[in-house]
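Enquirer: Here is a sequence with its predicted model. Questions after.
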Amino acid sequence: MRFVDEYRDADKARALAARIAALCEPGRQYRFMEVCGGHTHTIYKHGLEDYLPETVTLVHGPGCPVCVIPMGRVDDAVHIARQSEVILTSFGDMMRVPGGEGSFFDAKANGADIRMVYSPLDALKLARQHPDRHVVFMAIGFETTAPSTAMTVLRAAAEGITNFSVFCNHVTIIPAIKAILDSPDLRLDGFLGPGHVSTVIGARPYEFIAAEYGKPLVVAGFEPLDLLQSIYLLLKQLSEGRAEVENQYRRVVPWDGNPVALRAVAEVMELRPYFEWRGLGFISHSALRVRDTYAAFDAERRFTVPGVRVADPKSCQCGEVLKGVLKPWECKVFGTACTPETPIGTCMVSPEGACAAYYNFGRFTRSRVKEATAR
Amino acid sequence: MRFVDEYRDADKARALAARIAALCEPGRQYRFMEVCGGHTHTIYKHGLEDYLPETVTLVHGPGCPVCVIPMGRVDDAVHIARQSEVILTSFGDMMRVPGGEGSFFDAKANGADIRMVYSPLDALKLARQHPDRHVVFMAIGFETTAPSTAMTVLRAAAEGITNFSVFCNHVTIIPAIKAILDSPDLRLDGFLGPGHVSTVIGARPYEFIAAEYGKPLVVAGFEPLDLLQSIYLLLKQLSEGRAEVENQYRRVVPWDGNPVALRAVAEVMELRPYFEWRGLGFISHSALRVRDTYAAFDAERRFTVPGVRVADPKSCQCGEVLKGVLKPWECKVFGTACTPETPIGTCMVSPEGACAAYYNFGRFTRSRVKEATAR
Amino acid sequence: MCLGIPGEVVEVLSDRPDLAMVDVSGVRRAINIGLLTEDPPKAGEWVLVHVGFALSKIDEAEARSALEFLESLGQAYADELAALRESRIE
Amino acid sequence: MCLGIPGEVVEVLSDRPDLAMVDVSGVRRAINIGLLTEDPPKAGEWVLVHVGFALSKIDEAEARSALEFLESLGQAYADELAALRESRIE
Amino acid sequence: MNPRLPQLDREQQVLHRIERARQRAARIREDRITLAHGSGGKASRTLVEAVFLAAFGNPLLEPLEDGAECTVDGARLAFTTDSYVVSPLFFPGGDIGDLAVNGTVNDLAVTGARPLHLSASFILEEGFEVEALTRIAASMRAAADAAGVQIVTGDTKVVQRGKADGCYITTAGVGLLDRPVRLGVVHARPGDAILVSGPIGEHGVTIMLARGELDIHAELASDTAPVHGLVAHLLDRTTGVRAMRDATRGGVATILNEIATAAGVGVVVDEDAIPVRTEVRGACELLGIDPLYVACEGRIVVVVDGAEADTALAALREHPLGEAAAIVGRVTDDQPGMVLLNTGFGGTRVVDLLVGDPLPRIC
Amino acid sequence: MNPRLPQLDREQQVLHRIERARQRAARIREDRITLAHGSGGKASRTLVEAVFLAAFGNPLLEPLEDGAECTVDGARLAFTTDSYVVSPLFFPGGDIGDLAVNGTVNDLAVTGARPLHLSASFILEEGFEVEALTRIAASMRAAADAAGVQIVTGDTKVVQRGKADGCYITTAGVGLLDRPVRLGVVHARPGDAILVSGPIGEHGVTIMLARGELDIHAELASDTAPVHGLVAHLLDRTTGVRAMRDATRGGVATILNEIATAAGVGVVVDEDAIPVRTEVRGACELLGIDPLYVACEGRIVVVVDGAEADTALAALREHPLGEAAAIVGRVTDDQPGMVLLNTGFGGTRVVDLLVGDPLPRIC
Ligand code: SF4
Ligand code: SF4
Ligand SMILES: [Mg+2]
Ligand SMILES: [Mg+2]
Ligand SMILES: [Mg+2]
Ligand SMILES: [Mg+2]
Ligand SMILES: [Mg+2]
Ligand SMILES: [Mg+2]
Ligand SMILES: [Mg+2]
Ligand SMILES: [Mg+2]
Ligand SMILES: [Mg+2]
Ligand SMILES: [Mg+2]
């Protein structure tokens, strides 16, 4: 596959690993946060850590859109799905996420009509096919996904479709990163910036991280070599005493993002004053809702949802994992009470969740590259 | 079973058969019509003809309510059943009756929601259970069944149920008998009067048959001894030169019928000016429709039905069979092209249809009682 | 469809006087007795059941006399047969 | 969910200019290109596909230069390894 | 005796013409499957012959017995399968689980085989209660233990809600034909006696009442039971058994017709001799159905050499499952291919295959 | 080498604790069946163990192999069953009919048996087109002929509209174990090699695309095929085969896990060695699924003595169905119970059972 296989090449990886090892100051620990869950997935799926010295730690960030949905919102969606006329549509990742009253799969087994879709456009297609039903799209995701939801609403409006709405749970990445940066218990040496979010928002919005917090950030692609190169670039900045925003993923990410996408989102959605993030609590101006102009497509207005805040299970430490304070395996229930088949927290559900990625792919005794340890 | 087993006793049957044989004038042929399909069924199911001399012929009449429904009415019912909100309910007997576009079973296989019920009250129950659907009851039958339909409509009205209606195909027995009596090609010596119809209308309405046409009629019960006794009574009248209405089924049939039932029917239904009978053509004042007062419960008004007259298949001789002009096996297609599994005519469908009864039960080489032939 | 089955009234339902529990050979069903309001059946009486309704009461006296007639015929027939046999033996 | 897959535009649908047929390793799907109206992709160009939408075009020149950098690193590494081996042989 | 009236001769000609027509190859005329095709009656027979036999046809399948006889490496095996789609899943006297085990055990037993190994394959509907499945599995185990068989292999599929009805089970069974008998309805011959092992129709009526739609209540339970012990006892005591069938879908009437058709013989049964429980009769009268067509799940029909009829009857009656066994009829050379019933009333009538079962999804 | 950081030791303790937890008896926590229970992954495994194995448990069932080995009258038989609920019923490369025959033939073949006799039981939905059924029956016959087996017994049930999805088929099969080998994943041991007989995932991806819901198009056809010939060829040429499985639901990954679990060994596979067609990879990337978990219906996974790996590979490649066979991994004594993958990128990761299959109703 072009633009894929080139970036999974083991020879280039070995070369990069050597450079990385060479850049590490002996005795110094490096902690880099990959903000995006897609990165977390890549890291474990390809065994990227095998190329890193033990002194380089990748800290998983809050950028898994599934992981940050609080239980109460899952319950609200299930409530909507239980209406007899409703078909709730969702990306597959959400299906197993536990709410206070079970997951979408549980609701489906109990009779709710919940269907997986590949695209919000597929949800709109279902609405056209079932004029007697009301199709709700469970919209989740960062700025990567928000434009597709917005475009779908615009299309529904243009077609005059009246039996389609979105349950909007879109969140924005910058407030989440800010929350991380402001949390006192975290020591990070730099960030791997989310590549796909950045195709939409560009690299510019990260500049405050370098400017105000003095941390380097490299917008990184999603193939393992992209990440390895980005780590190399971070270490290079550190070794050279720089703290800048760099763009490793230039083949895809323009510095200024995608203005069409940003306009579509701004047309259909507006910032919420605050929104609850799972494990992180309420963060102001961190999420999107449907504007009044498109109220007809807002499931939250069409259906009165319970809107009850549901406390996370006591044993759940997703908040600490999402903030990078804990490694997945440091959670007390990891792998025993909390497993992909019986998740307690959201991070164990999505393939982009840190706990799931570590459990599914990383759960074995590994030794890091010799170059690093041998020094 | 009380009131059943006593009337299936072979010893008493043998005694009656001897009396019957004794009453037959040597060389004389006797032709009695059992008007009711229930009688036809009893005759074949119990092998009653085995007790009759060959000179006594039972002629099957038009009294099978399923058999007289014309194809167009089946198509109309299927048309109603095809409406997505409709559940069509029907007695099992109707399910296989061929319309111009197939039977209820065919329509069901093609997706129509058609359900069998034991009682019109079960149809009403379905309406209560499915407030989002409209339940139509396919009402068929003579005066025996019309009161239950009427009572069900009255109950629906009393309960204020708005999603229930009846597709009324009730017919009346007297015009049918009159049509038989007036048909020139039929020679009958007497009638076995329909027992269950008579529980409702009584025996009195038959008096014109004796008075105006000089034919004896005996209202007969449904067990084989009832019928055998009634034949005996007919022969007795003939041998004594009488032509009267007698009531063999006195344990069930009051001379004046059931006034409550008659009032219920009169409250809900009124005579149609004319109605098409399968094989017999249009007969005036021979069927019932729902009165204006209960228009809300009339499926014919709620749904516009095609109302197309569908000609019977060319090979079909049901009319002749229903009038008693032909014995079932005399129809050209009997048992070859027309069988219970692939009926061409209605008489091959209902267990009370003459062709079905003869095919299912009587289709073998039999010899009549020796007493008769030995004389 | 024109089936009529004799059943014994077991009880008239107290909360639904238009319904009676009817027994047919050990099998029970609630049957509408709204067509018999002029002479409502009581427990122990028999009715003719048709599509969920009691169409009429069964008159036991009439039934008895009809059966007696049939039995008398049977007796006469038996006597005749016996006589016939005797005459043949002669 | 945040999956983005590179695909080659095979054709822009003539009747639906917001849709392009995109090929991913021999697999084709119509993808909405409404987010790329400022620089619509043409056949032969590559786009990043995400939940049915093309999120951005893939810049082949940028890709080439990034790969060249990686290759140069690889070459340098190979040279170093060779040098290391030589030094050990010594 | 008088000469027959010419009219009766014409009737006879018609009857002969019909019998010839009935012997023609089955042809399916419907475009779509209806419930009748699963009823065990004529439509089922036509479907099996016109679609499955036409496609699969081979000498082992063609007898269409309850199980096929296959010789593998010198071992004479019986092999059978049935799917169970009964609704409701739980009913007085049993559930789909013991039904699925007993049904296949019985199909093996009536071929004369010793039932040994069963497979069990489940099609579950999304949303089905795990607790119900656990109960079903437990009753399958209990039934397997009672029948001395083991469930040795299986499969589970789950389909979306609305694509099944809770739980369907398909069992297949392998048994060993270790007796020197070769049974089959094709072996019936005039003079043979026909027995049933007990009162008929309890299973079918129980299921129908258990659905609750008819609001009919009776003290009835399914007769579901494994008959291998009864069969073994019978075969130990008589040598004259020609064929056995368990009277399931389509009831005793269907089996009698299969005997008449397969062997080209007449079958005559006596209505009064057929054991039917009072409640079954009551329910059947109320619903206008004939108990002869109502399914049992623990009753067998036996064709036995007429000379051994009493021995066979005694053997059946010695076994708890055969206490109410009865000789119900005989095989004749009259009216070949036809089943006649001497009615309790003293008349005679045909007993044909039903077009469609009035009671679908009873097994 | 530096001493391990204390942090890593703690991580290892956690990993050991997890492995112990994973070895505990399966317990089903859901109240209701979900599609995951039919996916072939963890939920399926839990259902089978917690419900069916718990209820039916016996020594013949317990290996949970593709077929059970039963000895009947001295004959070593293999016995297996599967239900087929694939949607759509017709798809590029096959239909539910040949799938139902090939699937059961393959389950027999991979136990080392010669497939002989099949049963076929149909659950039809009211309204199903007779013509479609006829086509299905014809392709079953063709598949049976190709596999040299006969369909010797069967059953048909019809359920109401909305209680099935056109047509479900359950086949069971009997085969003869006439080779002196005893195969089973339990026999895998360190040093063994693992082979697959051809490119993986074509069936699953074909079915998914055939549904049309994803609007994805590719030149792909199901790989459904009977593998008995391939297996026989392999067993004729090598003596070191320890186990075989056909990689259906759950794909190759599931089978690798079954090997690791059953034999208590580690399994290591090389991503680059696993044959995957370009289009399969493309569709999987587009949908975010891993081809390792995608079903095949004509591919086998073979565990063979490491010393015979090349012989086995050559044997497979001689057969038309094995032309693209490859050695994909090996059995180790490292990380017992676990499957590790050496990624093409040069890293290592776990390959676990899936919680639920992203592609339901593929077979
Ligand atoms: S192990 Fe489970 S509860 Fe703990 S952090 Fe991970 S997902 Fe949350
Ligand atoms: S055989 Fe058929 S067509 Fe002829 S009269 Fe009878 S039902 Fe009508
Ligand atoms: Mg993201
Ligand atoms: Mg009548
Ligand atoms: Mg069977
Ligand atoms: Mg059976
Ligand atoms: Mg059987
Ligand atoms: Mg299986
Ligand atoms: Mg199997
Ligand atoms: Mg299989
Ligand atoms: Mg298998
Ligand atoms: Mg069967």
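Expert: That came through fine. Ligands and ions are numbered 1, 2, ... in the order given.

Enquirer: Quick check: residue A:187 vs residue A:324, distance?
Expert: Per CB to CB, to the nearest Å, residue A:187 is found 10 Å from residue A:324. Quick note: C-beta positions are derived from backbone N, CA and C, even for glycine.

Enquirer: For residue A:7, which residues are in contact?
Expert: By CB atoms under 8 Å, 6 or more residues apart in numbering or on different chains, the contact set of residue A:7 is A:221, A:223-226.

Enquirer: ok, which pair from the residues you listed is furthest apart?
Expert: Distance extremes for those: the farthest pair is A:221 and A:224 at 9.5 Å, using CB to CB.

Enquirer: For chain F, tell me whether stretch A:329-342 is touching it.
Expert: Yes: residues of stretch A:329-342 contacting chain F under CB under 8 Å from any CB of the partner chain: A:329-330, A:334-336, A:340-342.

Enquirer: burial measure for whatever residue of the stretch 101-250 of chain E ends up closest to chain D, as a count.
Expert: In the stretch 101-250 of chain E, the residue that lies nearest chain D is residue E:160 (22.7 Å; CB to the nearest CB). Residue E:160 has 17 neighbours, counted by other CB atoms under 10 Å in any protein chain shown.

Enquirer: Indicate whether stretch E:203-215 makes contact with chain C.
Expert: Yes: using CB under 8 Å from any CB, we find that stretch E:203-215 touches chain C at E:214-215.

Enquirer: for the chain, which spans come out with low pLDDT?
Expert: The chain I'm using is chain A. Applying pLDDT under 70 to chain A flags residues A:367-375.

Enquirer: You answered for a different chain; I wanted chain E.
Expert: Using pLDDT under 70, the flagged stretches of chain E are E:1-8, E:357-358.

Enquirer: Longest strand of it, counting residues only.
Expert: As assigned by DSSP state E, the longest strand anywhere in chain E is strand E:114-125.

Enquirer: and it, which strands flank it?
Expert: Its sheet considered, strand E:114-125 pairs with strand E:150-159 (parallel), strand E:167-176 (antiparallel) by DSSP bridges.

Enquirer: Quick one: closest of those to residue B:79.
Expert: For residue B:79, the closest of these is strand E:150-159, at 32.9 Å, according to CB to CB.

Enquirer: partner residues bridging residue C:46?
Expert: According to DSSP bridges, the residues that bridge with residue C:46 are residue C:8.

Enquirer: mind listing the strands for the chain?
Expert: Unless you meant another one, I'm taking chain A. Going by DSSP E, chain A shows strands at A:30-36, A:56-63, A:86-90, A:114-116, A:134-141, A:164-170, A:190-193, A:217-219, A:245-247, A:269-271, A:274-277, A:281-284, A:288-290.

Enquirer: To clarify, I was referring to chain C.
Expert: Listed from the start of the chain, chain C has strands (DSSP E) covering C:5-12, C:19-24, C:27-32, C:46-50, C:53-57.

Enquirer: So for the first one, what gets flagged as buried?
Expert: Buried residues in strand C:5-12, defined by neighbour count with 16 or more other CB atoms under 10 Å in any protein chain shown: C:5-9, C:12.

Enquirer: Now that we're looking at the residue of chain C at minimum distance from ligand 6, what pLDDT does it have?
Expert: Ligand 6 sits closest to residue C:27 of chain C, with a gap of 27.1 Å, by CB to the ion. Per-residue pLDDT puts residue C:27 at 94.

Enquirer: Would you enumerate the residues in contact with it?
Expert: E:216-218, E:279, E:282-283, E:286.
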